[in-house]
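Undergrad: Take a look and give me a structure for this.
(chains A, B, C and D)
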Number of protein chains: 4
Amino acid sequence: MYGYSADREAYLKRLRRIEGQVRGLQRMVEEDRYCIDILTQVSAATKALHAVALGLLEQHLGHCVAEATAAGGREADDKVTEATDAIARLLQS
Amino acid sequence: MYGYSADREAYLKRLRRIEGQVRGLQRMVEEDRYCIDILTQVSAATKALHAVALGLLEQHLGHCVAEATAAGGREADDKVTEATDAIARLLQS
Amino acid sequence: MYGYSADREAYLKRLRRIEGQVRGLQRMVEEDRYCIDILTQVSAATKALHAVALGLLEQHLGHCVAEATAAGGREADDKVTEATDAIARLLQS
Amino acid sequence: MYGYSADREAYLKRLRRIEGQVRGLQRMVEEDRYCIDILTQVSAATKALHAVALGLLEQHLGHCVAEATAAGGREADDKVTEATDAIARLLQS
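TA: Numbering: from 1, shown residues only, chains lettered A, B, ... in the order given. Predicted coordinates for the structure are as follows:
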């Protein structure tokens, strides 16, 4: 059980919608749609993925990281570093 | 026919792989996988989407925008502004 | 006193270097340097700013947020939401 | 002379304002200000840098790249690739 588990259905719904956006992109390429319109859809899909990531991150910080920092010690530091590294990867993607 | 049309199959292949990544994300949520591992996968999918966008953009600049700027006039400016706006949306997504 | 206070000098040094990068950008514009070289410098300055932000964020999560979540209650949630909102702003900038 | 040269003064003004923002960040660190407020200022500076980059890019596409693509040949392709690489660096910064 993780922080996000209680909202599992909501996350699945959002990810299915993103899957639909990516299939929509394939249709656009197949139908030879205008490049800029495709780029706009790519931005929408990326934005939706980042929104999912921020939701997961918030629950991760409020549960997993909070528990580790409450316990203290080396593991607390490791959890914080791990979360920061994940944020760094999001920023660069 | 747009700049990217000649590479349509390659783009479709990449987009199908991204669709697979998004389905993989759904599986991870269903299997209650560790939040940070899910975030890493989100970053990978976003990175892949941005790579597709950069490919489309390069061909758009080399074809559609190039033709418009060769013709000159108001339409040339509009195409350049339109491409820059699309880049701005990618940066904010 | 915040999480980053112990490293104040190191942050100041990094921010002074970024200030130097921004002054370097002004010099490049004054000297009519090639656009792409200026863009490369802008990316370097942005990357350095994001690195500072990630450092501050890591210490914020390990101190301020950790203390709040250890205390629990409404304030803990607020701190986590506040940090997530800050990350969202970084992602969109 | 490049695309942005006619607007040199406006770019210098914007870059001086960004320099002021980075000096403001140093003051905030010196005064031990709250981490989240510093992060908000970092996002503002990054956003301002990206806005400068988008302005330069638009003029670069409308002038340097447009001239190269009008001339055609290998150099046109190189200019488009060079601009796309610069956009990729901005996206990852």
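Undergrad: all helices of chain A, in order?
TA: A:8-30, A:35-60, A:66-71, A:73-92 (DSSP state H).
Undergrad: helices and strands around the third one, which ones?
TA: When contacts are defined as 3 or more Cβ pairs under 8 Å, 6 or more residues apart in numbering or on different chains; DSSP states H and E, helix A:66-71 sits against helix A:73-92, helix C:66-71. Heads up, the C-betas are built off the backbone N, CA and C, glycines and all.
Undergrad: can you tell me the average pLDDT over the last one?
TA: If you average the pLDDT over helix C:66-71, you get 86.
Undergrad: so A:Thr40 touches B:Ala88, yeah?
TA: No. The pair A:Thr40 and B:Ala88 fails to qualify as a contact (Cβ atoms under 8 Å) at a distance of 11.2 Å.
Undergrad: do you know which of the helices of chain A lies nearest C:Gly72?
TA: Of all these, it is helix A:66-71 that lies closest to C:Gly72, at 8.6 Å by Cβ to Cβ.
Undergrad: In space, what's closest to the spatially most central residue of chain A - neighbours in sequence excluded?
TA: A centroid search over chain A (Cα atoms, centre = their mean) returns A:Ala53, at 2.1 Å, as the residue closest to the centre. Closest residue in space to A:Ala53, ignoring its immediate chain neighbours: B:Val42 at 4.5 Å, by Cβ to Cβ, 6 or more residues apart in numbering or on different chains.
Undergrad: From B:Leu54, how far out is that neighbour?
TA: Separation of B:Val42 from B:Leu54 (Cβ to Cβ, to the nearest Å): 19 Å.
Undergrad: So those two - more neighbours on which side?
TA: More neighbours surround B:Val42 than the other of B:Val42 and B:Leu54, with 27 against 19 (other Cβ atoms under 10 Å in any protein chain shown).
Undergrad: hang on, the earlier thing: looking at the helices of chain A, which one is packed in the most?
TA: Compared across these, helix A:35-60 shows the largest average neighbour count, a mean of 21 (mean count of other Cβ atoms under 10 Å in any protein chain shown).
Undergrad: what's the residue of chain A found nearest chain D in contact with, if anything?
TA: For chain A, the residue closest to chain D is A:Gln92, as judged by Cβ to the nearest Cβ, at 5.1 Å. Contacts for A:Gln92 (Cβ atoms under 8 Å, 6 or more residues apart in numbering or on different chains) come out as B:Ser43, B:Lys47, D:Gln92.
Undergrad: Report the separation between it and C:His50.
TA: 8 Å.
Undergrad: what does A:Glu30 give?
TA: On the measure of Cβ to Cβ, A:Glu30 and C:His50 end up 37 Å apart.
Undergrad: and the helix or strand bottoming out on mean pLDDT in chain A, C-alpha only, in PDB?
TA: Sorting the helices and strands of chain A by mean pLDDT, DSSP states H and E puts helix A:66-71 at the bottom, at a mean of 86. The C-alpha coordinates for helix A:66-71 follow below in PDB (Å, rounded to 0.1, in the frame of the first residue of the first chain):
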ATOM      1  CA  ALA A  66       6.700  11.500   5.900                       C
ATOM      2  CA  GLU A  67       6.900   8.100   7.500                       C
ATOM      3  CA  ALA A  68      10.600   7.800   6.800                       C
ATOM      4  CA  THR A  69      11.400  11.300   8.100                       C
ATOM      5  CA  ALA A  70       9.300  10.600  11.200                       C
ATOM      6  CA  ALA A  71      11.500   7.500  11.800                       C
END
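Undergrad: Residues contacting it from elsewhere in the structure, which ones?
TA: With contacts defined as Cβ under 8 Å, 6+ apart, helix A:66-71 is touched by A:Glu75, A:Ala76, A:Asp78, A:Lys79, A:Val80, C:Gly62, C:Val65, C:Ala66, C:Thr69, C:Ala70, C:Ala76, C:Val80.
Undergrad: so how far is that helix off the chain centroid?
TA: Remark: helix A:66-71 is offset 23 Å from the chain centroid, using Cα atoms, centre = their mean, to the nearest Å.
Undergrad: residues near A:Arg33, how many?
TA: Using other Cβ under 10 Å: A:Arg33 sits among 15 other residues.
Undergrad: Need the phi and psi values for it.
TA: A:Arg33 adopts backbone torsions of phi -70, psi 160, taken as degrees, to the nearest 10.
Undergrad: what's near enough to touch it?
TA: A:Arg33 makes contact with no residue under the criterion Cβ under 8 Å, 6+ apart.
Undergrad: again with A:His50
TA: Residues in contact with A:His50 (Cβ under 8 Å, 6+ apart) are A:Leu90, B:Val42, B:Thr46, B:Ser93, C:Leu91.
Undergrad: let's go with 7 Å and repeat that
TA: By Cβ atoms under 7 Å, 6 or more residues apart in numbering or on different chains, the contact list for A:His50 reads A:Leu90, B:Thr46, B:Ser93, C:Leu91.
Undergrad: again with A:Ala45
TA: Residues in contact with A:Ala45 (Cβ under 7 Å, 6+ apart) are A:Ile18, A:Gln21, A:Val22, B:Leu49.
Undergrad: Redo those as a markdown table? Include distance to chain C.
TA: Putting these into a markdown table (distance: Cβ to the nearest Cβ, whole Å) gives the following:
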| residue | distance to chain C |
| --- | --- |
| A:Ile18 | 16 |
| A:Gln21 | 18 |
| A:Val22 | 20 |
| B:Leu49 | 14 |
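Undergrad: Closest to D:Ala6 out of these?
TA: B:Leu49 (35.7 Å).
Undergrad: quick one: contacts for that closest one?
TA: B:Leu49 sits next to A:Val42, A:Ala45, A:Thr46, B:Ile18 when contact means Cβ under 7 Å, 6+ apart.
Undergrad: can you list the residues of chain A near chain C?
TA: For chain A, the residues in contact with chain C (Cβ under 7 Å from any Cβ of the partner chain) are A:50, A:54, A:57-58, A:61-62, A:65-66, A:69-70, A:76-77, A:80-81, A:83-84, A:87-88, A:90-91.
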